[in-house]
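Student: based on what follows, work out the 3D shape:
(chains A and B)
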Amino acid sequence: MSGSRSKSVVLWTLVTIALVTLSAPTVVVLGASFTGGNIITFPPDGLSLRWYARISQASDLRNAFLRTLQVATVCTIVAIPVGTLAGIALAKYAVRFEKTIQIYLLLPFTIPLIGSGIGLMLIFGNAGILGQLWPVGIACCVINLPFMIWAVTASATGLDPDLELAAANCGAPPLQVFFSVTLPAVMPGVITGSLLMFILALNEFLVSLLLVDARIVTLPVLIYNSIRSIITPDLAAISVVFIACSAVAVFLLDRLVGLDIFLKSK
Amino acid sequence: MRAARTAYPLKWRIMDALEDVAAAIWPARFRRATPYLMLLPAVLLVGLLALGLIQIADTSLRTLDTTTFQFSDDYSITNFRRALTEPLFLVVAQRSLIAALIVTAVTLVFAFPYAYLMVRTRSPGLRKFLLIALFLPFFIGQVVRAYGWLIILGNQGMVNEALGLVGVAPMRLIYNYPAVLFGLVQYMLPFAVLMLAPALTAIPEELEAAAGSLGANWVRTFIHVVLPLARPGFIGAGVVVLTLSLTDFAVPAILGGGSQDFIANAIYDQFFRTSDQGLGATLALMLVALGSILVGLVFALFGAGTLAMGRSRA
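Tutor: Residues are numbered from 1 along each chain as shown, chains lettered A, B, ... in the order given. The predicted structure is shown next:
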C-alpha cells in the first residue's frame, strides 16, 4: 500500500472502530455465557459452564434448534438446483428479456422482508400449510435466492464454452456435458451459495416469526421471545450455538473456496 | 456386442438411461429454449413473492368492521386514506426514512476504509483477519447481535456497571433512537464492505501510484481517483444498506424497546396486535412501493452498480 503516515492513521482509526463494533456483541455474548453468577455483571462472577449444563437439559431449546436445522436444510436442498440452473442460464446464454428476468429475480431483495413475509404468510395460510416447517424452509429459500444465483454467476468465469463444445464434439450427450464439464466449472459458486443459504436460513428471524406458531417456533424466534429487560446468562449460552455455527461456516467457506473469492471483481 | 454390453459399468448405464429420458422429453430441437427451462424453477419460486404481493394488494382494499371483526367483501380505499392521514404512521415513516439515510451515510464512511484496507493490504494474514472479523458477525443473526448490545448497553449492562464502579450514575443507553441507529450500522457494515470490495479490487493500484507520482497527496488521490472509480460499489452498497435499514424489524424492536418503531414494526403490530390485516397490508404495500421507488431512483440516476447479475457488460 502506497501512501503517507497520515493516510494509515486515518484508515486504521476508522477500521479499528469498525472492528470493535463488529466484534463487540460476539465477544460479549461468549464471555457472558461462561459467567458463574445468576445475572451478567461486570466484572464477571467467576467462570463456569453451568449455563451450558442448564441449556443442554432444556428440551424446548433443543427442539427449537433441531427445527431450525430442518428449516435450513429444506432451504438449501431447494436452493441448490434452482439457483445453480438459473445462475448458469444467466451466465452462459444470451437470454431474451434478460434485463427483465434479472430484475424479476432480484424481487426477493427489492421487496422488504416484512412484505415478503406477510405475502407468504397470506399465501401459505390460504393453502392451509401454515404451521408446518417445510414452508418456512421454502420461504427462507425464496428470500435469499439471489445470493445463490449470484454465487453461481460469479464463478461462471471458470466456465469456458469451448470446453463444453469440445466435450460434445468428443461425443458427450447433453447431460454428460452438464455434469462433467459445466457443473464442475461452477462448483466453487455452488458451494459458496449453498453455505450462504444454509447459514442465512439458520439465522432467519423475521420471516420465521411471521410463519411459525408456538408449536413450531425456531431458535432465533425463541431467543427473541425470551429477551426481557433482565438479562440472564442462559440466553447467552444459547446464542453461542449461533456463534459456533457461524464460525464453522466461515471455516468451511475459507477451506473450500477461500474467503478471498468475495474480493474478486466481476 | 451383447457380451460387451454387460461389462458396461452401472454408472454408464444409468447415465445412458438418463440421457435417453432427457432426449425423449427435451429433444435437441428444443435446444434454443433450454436456458428458459433452466430459469423456470427460479422464476416459479420467486413467483411466490409476486403472488404474495397480489394477496397483500387484495387484503389492503378490504376494511375491518370493528363491531363484527369481519372483513368487507367489497373493495375500498379507506385503509390507504387512514395510512396517509393518521399522524402515528407519518411519525413512524419519517423516523424510518431518516434513520435509513443516516445509517447509510455512516455505514459507507466506515465500510470504505475497511474494504480498502482489506483489498490493498500486502499482508495475507491481515486480509484473512479482516475477512473473518467481517464474516463472523455477518453469519450471526440480528437477534443474537442485538442481544449482545443489550448485555453491553442495557440498564444493568456492562457499560453501566463499569461506570458504577467509578461512581457514575447509570445512564439510559438503549431504548432510544441513537441505540437503534448504532445497532443498524453494526448490522449493515458487512453488507456494505462486501458490496464495496469487488469494486475496489477492480481499480488498478497503478492508478493511485500514478496520481501520487504526479503530485497528488493521498486525500486528492482518493477524491479524484479512487472514490469516482469505486462508484459502482458505492451504489450497490448504498442501495442495499438503505433498503435493509429502512425496512428492518429486529433492531428497532430489540434496541428500541417498542418506543422506536419502524415501518416494519408498525405493520407487524397491525397484523398481530390490532388484528387489522387490511391496514397492515396497506402499510406493507406502501413500504414495498417506497422501497422500489428508492431503488429505482438510485438505479435510474446511477445504474445498477455491482448489483447486476449475469454476464458482465461494459
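Student: quick check: buried residues in stretch A:79-92?
Tutor: Neighbour-count burial for stretch A:79-92, counted by 16 or more other CB atoms under 10 Å in any protein chain shown, picks out A:79-80, A:82-92. In this view, the C-beta of every residue, glycine as well, is placed from N, C-alpha and C.
Student: got it, and stretch B:28-48?
Tutor: Neighbour-count burial for stretch B:28-48, with 16+ other CB under 10 Å as criterion, is recorded at B:P35, B:Y36, B:M38, B:L39, B:P41, B:A42, B:L45, B:V46, B:L48.
Student: contacts only, for the second one.
Tutor: Spelled out, that is B:Y36. When the contact criterion is CB atoms under 8 Å, 6 or more residues apart in numbering or on different chains, the partners of B:Y36 are A:A89, A:V95.
Student: at the geometric centre of chain B, which residue sits there?
Tutor: Residue closest to the average C-alpha location in chain B (CA atoms, centre = their mean): B:L244, at 4.1 Å.
Student: pretty sure it sits against B:A192.
Tutor: No - taking CB atoms under 8 Å as the contact criterion, B:L244 and B:A192 are not neighbours in contact, 9.9 Å apart.
Student: skipping its backbone neighbours, what lies nearest residue 225 in space?
Tutor: Unless you meant another one, I'm taking chain A. In space, not counting the residues next to it along the chain, A:N225 is nearest to A:V217; the distance is 7.3 Å by CB to CB, 6 or more residues apart in numbering or on different chains.
Student: right idea, wrong chain: chain B
Tutor: B:A211 (4.9 Å).
Student: wait, isn't the one you found in contact with B:V219?
Tutor: No - here B:A211 lies out of contact with B:V219, judged by CB under 8 Å, at a distance of 10.9 Å.
Student: give me the common contacts of those two.
Tutor: A shared contact of B:A211 and B:V219, defined by CB under 8 Å, 6+ apart, is any residue touching both; here there are none.
Student: just give me how far the helix or strand in which A:A166 is found sits from the chain centre.
Tutor: With the criterion set as DSSP states H and E, the secondary-structure element containing A:A166 is helix A:161-169. In this view, helix A:161-169 has its centroid 34 Å away from the chain centroid, taken as CA atoms, centre = their mean, to the nearest Å.
Student: now for the helix or strand just after it, which elements pack on it?
Tutor: Toward the C-terminus, helix A:161-169 is succeeded by helix A:174-177 as the next helix or strand (DSSP H and E). With contacts defined as 3 or more CB pairs under 8 Å, 6 or more residues apart in numbering or on different chains; DSSP states H and E, helix A:174-177 has these neighbours: helix A:161-169, helix B:10-25.
Student: related to what we said a few turns ago, just give the number of residues close to the residue nearest to B:V225.
Tutor: For B:A211, the number of neighbouring residues by other CB atoms under 10 Å in any protein chain shown comes to 19.
Student: do you know how far the residue nearest to the centre of chain B is from B:L184?
Tutor: 8 Å (CB to CB, to the nearest Å).
Student: spatially nearest residue to the residue in the stretch 51-200 of chain B that chain A sits nearest to, not counting backbone neighbours?
Tutor: Across the stretch 51-200 of chain B, the shortest distance to chain A (CB to the nearest CB) belongs to B:G52, at 2.0 Å. Leaving out its chain neighbours, the residue that sits closest to B:G52 by CB to CB, 6+ apart is A:G119, at 2.0 Å.
Student: B:G303 too?
Tutor: Take B:G303 and drop its neighbours on the chain: the residue closest to it by CB to CB, 6+ apart is B:I235, 6.9 Å away.
Student: and what of B:V46?
Tutor: Using CB to CB, 6+ apart and skipping the chain neighbours, the partner closest in space to B:V46 is A:L107 (5.3 Å).
Student: surely the one you found meets B:L48?
Tutor: No - using CB under 8 Å, A:L107 and B:L48 do not qualify as a contacting pair, with a distance of 9.9 Å.
Student: related to what we said a few turns ago, can you pull the phi/psi pair for the residue nearest to B:V225?
Tutor: For B:A211, the backbone dihedrals (degrees, to the nearest 10) come out as phi -60, psi -40.
Student: when you scan stretch B:59-74, is anything in it near chain A?
Tutor: Yes - for stretch B:59-74 and chain A, the contact criterion (CB under 8 Å from any CB of the partner chain) is met by B:T59.
Student: so what touches that stretch?
Tutor: Applying CB under 8 Å, 6+ apart, the contact partners of stretch B:59-74 are A:122, B:75-80, B:275-282, B:284-285.
Student: so A:C75 touches A:A201, yeah?
Tutor: Yes - between A:C75 and A:A201 there is a contact under CB under 8 Å: 3.8 Å.
Student: tell me, what's touching these two both at once?
Tutor: Jointly contacting A:C75 and A:A201 under the rule CB under 8 Å, 6+ apart are A:G137, A:C140, A:C141, A:N144.
Student: of the residues you listed, select the buried ones using a ChimeraX command.
Tutor: For anyone working in ChimeraX, the buried entries among the shared contacts of A:C75 and A:A201, judged by 16+ other CB under 10 Å, can be selected with:
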select /A:137,140,141,144
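Student: in three-state terms, label the closest residue to chain B within the stretch 1-150 of chain A for me.
Tutor: Of the stretch 1-150 of chain A, the residue with the smallest distance to chain B, taken as CB to the nearest CB, is A:G119 at 2.0 Å. Following DSSP: H, G, I helix; E, B strand; the rest coil, we place A:G119 in the helix state.
Student: pLDDT score assigned to it?
Tutor: In this model, A:G119 is scored at 95, pLDDT.
Student: do B:A23 as well
Tutor: Reported pLDDT at B:A23 in the predicted model: 86.
Student: show me the contacts for it.
Tutor: A:P173, A:P174.
Student: isn't B:A237 right up against B:A192?
Tutor: Yes - applying CB under 8 Å as the test, B:A237 and B:A192 come out as touching, 4.2 Å apart.
Student: any common contacting residues for these two?
Tutor: Contact criterion CB under 8 Å, 6+ apart; residues bridging B:A237 and B:A192 by contacting each: B:T107, B:L108, B:A111.
Student: skipping adjacent residues, who's closest to the last one in space?
Tutor: Pointing back at B:A111 there. Spatial nearest neighbour of B:A111, excluding adjacent residues (CB to CB, 6+ apart): B:A192 at 3.6 Å.
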